[in-house]
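Asks: missing the sequence, but the structure's below:
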């Protein structure tokens, strides 16, 4: 792990695309600002861990089977050839 010292207003750059800036220090809390590309998710560690747990549960839990539809519902479905849709103008 790389350990750096920064003062309020100073920042570090990661991979040329992510900037982490120390915004202010309030007692024992440090306020950080993170600038990253929109396609790169940025989460607090506890939120990231919760997302990972939820994803793992979704992969391992067995979901309830969907109920089967009856063979015949009594309704008929009309099949027709799909053709071009013509624009209509109501003048």
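Replies: It's in. For clarity, every value in this text was computed on a predicted model and none was experimentally measured.
Asks: how close does the residue nearest the centre of the chain sit to residue 65?
Replies: For the chain, residue 41 is the residue whose C-alpha lies nearest the centre (CA atoms, centre = their mean; 7.4 Å). Separation of residue 41 from residue 65 (CB to CB, to the nearest Å): 32 Å. Heads up, the C-betas are built off the backbone N, CA and C, glycines and all.
Asks: kindly provide the whole-number mean pLDDT of the lengthiest strand in the chain.
Replies: Criterion DSSP state E: the longest strand present in the chain is strand 18-26. Summarised as a single mean, pLDDT over strand 18-26 is 96.
Asks: what's it in contact with?
Replies: With CB atoms under 8 Å, 6 or more residues apart in numbering as the test, strand 18-26 has contacts from 6-14, 30-37, 40.
Asks: now do the helices in this structure.
Replies: 45-60 (DSSP state H).
Asks: where do the strands sit along it?
Replies: Ranges of strands in the chain, per DSSP E, are 11-14, 18-26, 29-35.
Asks: need these in TSV with distance to residue 1 and mean neighbour count, can you?
Replies: Output for the strands of the chain, formatted as TSV (distance: least, CB to CB, whole Å; neighbours: other CB atoms under 10 Å):
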stretch	distance to residue 1	mean neighbour count
strand 11-14	13	12
strand 18-26	14	13
strand 29-35	16	11
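Asks: turn these into TSV, including distance to residue 61.
Replies: Listed next are the strands of the chain as TSV, based on distance: least, CB to CB, whole Å:
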stretch	distance to residue 61
strand 11-14	35
strand 18-26	34
strand 29-35	32
